[in-house]
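# Provide a 3D model corresponding to the input given below.
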Amino acid sequence: MPLLLGIDVGTSSTKAIVLDERGRVRATASAPHPISHPQPGWSEQQPREWWRSTKESVAAALLLAHVTPDRADEVAGVGLSGQMHGSVLLDRKTLDSGGVCDDVLRPALLWNDQRTAAECREIEDRVGGRGALVRLVGNAALPGFTLPKWMWVREHEPAVWGRVAALLMPKDYIGFRMTGAAATDVGDAAGTLLFDVDNRRWHMDAAAMFGIDPALLPPVHESAAVAGRLTEFAAKELGLKAGTPVVAGSGDNQCGAIGAGVVEADLFLATLGTSGVMYAHAGTPWRDLGGSAGTTSRATNGPGANAAGDQAAPPGRVHTMCAADGTAITPGHWSITGCTLAAGGALAWARDSVFGGADYDTLFREAGTVAPGCEGLVFLPYLTGERCPHPHPTASGAWIGLTTRHARGHMVRAILEGVAMTMAQILAIMRSTGVDARTCRLGGGGTRSPLWRDILTAALNTHTQTMETEEGPAYGAALLAGVGAGVWPSVSGACRATIRPSQDHEPVRGLVRRYAELAPVYAACYSDLRRTMDRLAATRSQ
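Have a look, this model is predicted:
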């Protein structure tokens, strides 16, 4: 029976999962890797640490699955997933090493790095404004995307930029170490701002406009296509067989959608991880062109809804990406995504920095005793700036409405509600771009809490499902490996064969009414404080 290995290079750890051909999980393991914040708002990692954590997690998963070196040929394929938008810079010596050399030109700038505001302004100015950029590449220029990071290095570290021979994203670095080939997939490429999402190829006009040499850009594959095969070096490092196919895979959002079976237009995904992501499958590449308050549109044909309370909704609040359902033979579809940067991350921050490291069970229990609305307490979860529903890198978080009546349980529940209400605002924007899905599948560690799950279900006011398997992007990467290795003929076929909901959840009517009443309050809190957030951000650099 063939086995499939999925690897997800996350922000804090790498996870490996072993599946059989029926999609049953044989083993999972993870290994941490450190993150560095050399200056406020900066976020970096050493790619060699990803390789170390990959080796450790793969070794542990293979051991648990009883895959000994003499049985390594049972692993029929490897699939990759990873944090999106990170910038890995290779020089010629490393590129020519066949994956043996682990040198990179500098630490990778990550998805949550916020240093590139000036580069984002430059990108939009060069193309004629944010709306023009959204029309060109499907997305606005936000600090999380990859092109602003490349331009920052070019501007601030010209000696480093002058040595660049290849530009990769995080999971692509692991693919390079495995196969010796620089490559990426359509999903990760769509998050760079240099990709023609309509035609699923690098956008040569955009590359010329922003001064990026196309020779630095890796070949692009559909996500279930084989990007290379394990080298002798990588096979020895990982305990696998040389020649094993390595599938291109995709970003963690796309692979998480595959892992939840969100490959049809009637489904969407809400993920409560470090960030909070709303993801919908799309048959066409709609764009969010923003618009005037109160208007709705299917993006490319007119203005978008003012779903988050802005006076004039800016373009590019949600992102047009390529879905991970394509194969070497058949191109895939598209996705509409929106990401709030601090979801579970906001709760983790509060636990560690405010609540003295109290265990999560205690915090959830206390929050469960508090009435919906927290007696007038609101939390804005913009602790690391914000991407969606407000593309605002200098946004900041806050509890608003604190009184002596409020205890720790109120503050915790306010976090849970603030994240859920923010994700509901993202869903409203997505609906304005043509998303009409009515069943939401849930993913991420936060949805394991019944309380948070019920709050999110009510805020979204939709039918939700939890899944039999909660392994997320790593599971999706393993399914992509199975398609690339020929275990299943298509990604949708792999999902139908392996993925099943375990529980259905209906929104509690009383909670729905309460959160509908509070929705204008949440929208007004941001709009009322937006300028104050910018003023406070300016004082942090003084």
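
# if I look at the nearest residue to Arg438 once chain neighbours are set aside, how far off is Ala437?
Closest residue to Arg438 apart from its sequence neighbours, by CB to CB, 6 or more residues apart in numbering: Thr462 at 6.1 Å. Every C-beta, even on glycine, is put in place using the N, C-alpha and C of the backbone. Counting by CB to CB, to the nearest Å, the separation of Thr462 from Ala437 is 9 Å.

# quick one on the thing from earlier: quick check: the residue nearest to Arg438 touching Arg441?
No - taking CB atoms under 8 Å as the definition, Thr462 is not a contact partner of Arg441, at 10.7 Å.

# And those two? Which one has more around it.
For Thr462 versus Arg441, neighbours defined as other CB atoms under 10 Å are more numerous around Arg441 (24 against 20).

# ok so the more buried one is a strand residue?
Yes - the assignment for Arg441 (DSSP: H, G, I helix; E, B strand; the rest coil) places it in a strand.

# Look up which residues are beta-bridged to it.
Taking DSSP bridges as the rule, Arg441 bridges to Leu269, Gln465.

# For it, which residues are in contact?
Arg441 is in contact with Ala260, Gly261, Val262, Leu267, Phe268, Leu269, Ala270, Thr464, Gln465, Thr466, Met467, Pro501, counting by CB atoms under 8 Å, 6 or more residues apart in numbering.

# Between those residues, which sits nearest Pro40?
Comparing these against Pro40 with CB to CB places Ala270 closest, at 30.1 Å.

# Report the contact partners of the closest one.
Going by CB under 8 Å, 6+ apart, Ala270 touches 276-279, 423, 427, 440-443, 447, 456, 460, 464.

# try 10 Å this time
260, 276-279, 343, 420, 423-424, 426-427, 440-444, 446-447, 453, 456-457, 459-460, 462, 464 (CB atoms under 10 Å, 6 or more residues apart in numbering).

# same thing with Ile258?
Contacts for Ile258 (CB under 10 Å, 6+ apart) come out as 6, 79, 81, 223-224, 249-250, 269, 323-325, 472-473, 475-480, 483, 491-492, 494-495, 499.

# how close does it sit to Thr403?
Separation of Ile258 from Thr403 (CB to CB): 46 Å.

# Using TSV, lay out the contacts of Arg441 together with pLDDT and distance to Asp185.
Putting these into TSV (pLDDT from 0 to 100; distance: CB to CB, whole Å) gives the following:
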residue	pLDDT	distance to Asp185
Ala260	94	18
Gly261	95	19
Val262	95	17
Leu267	90	21
Phe268	94	21
Leu269	96	18
Ala270	96	23
Thr464	95	29
Gln465	94	27
Thr466	93	28
Met467	89	23
Pro501	90	27
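
# can you pull the contacts of the most centrally placed residue in the chain?
Computing the C-alpha centroid of the chain and ranking residues by CA atoms, centre = their mean puts Asn253 first, at 4.2 Å. By CB under 10 Å, 6+ apart, the residues touching Asn253 are 81, 83-84, 187, 191, 269, 271, 273, 275, 277-279, 319, 321, 323-324, 335, 337, 339, 443, 473, 476.

# what's the lengthiest helix in the chain packed up against?
Ranked by number of residues, the top helix in the chain under DSSP state H is helix 509-540. Here helix 509-540 touches strand 378-380, strand 398-400, helix 408-432, helix 450-460, going by 3 or more CB pairs under 10 Å, 6 or more residues apart in numbering; DSSP states H and E.

# so how far is the last one from its chain's centroid?
The reference is to helix 450-460. 21 Å (CA atoms, centre = their mean, to the nearest Å).

# send the alpha carbons of it over as PDB?
Extracted in PDB, the C-alpha atoms of helix 450-460 (Å, rounded to 0.1, in the frame of the first residue of the first chain):
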ATOM      1  CA  PRO A 450     -16.400  24.700  21.300                       C
ATOM      2  CA  LEU A 451     -16.900  28.200  22.600                       C
ATOM      3  CA  TRP A 452     -14.800  29.900  19.900                       C
ATOM      4  CA  ARG A 453     -16.400  27.700  17.200                       C
ATOM      5  CA  ASP A 454     -19.900  28.700  18.300                       C
ATOM      6  CA  ILE A 455     -18.900  32.400  18.400                       C
ATOM      7  CA  LEU A 456     -17.400  32.200  14.900                       C
ATOM      8  CA  THR A 457     -20.400  30.200  13.500                       C
ATOM      9  CA  ALA A 458     -22.800  32.800  14.800                       C
ATOM     10  CA  ALA A 459     -20.700  35.800  13.600                       C
ATOM     11  CA  LEU A 460     -20.600  34.300  10.100                       C
END
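
# now that helix: mean pLDDT?
Helix 450-460 shows an average pLDDT of 97 in the prediction.

# Equivalent analysis for the first one, please.
The predicted model gives strand 378-380 an average pLDDT of 98.
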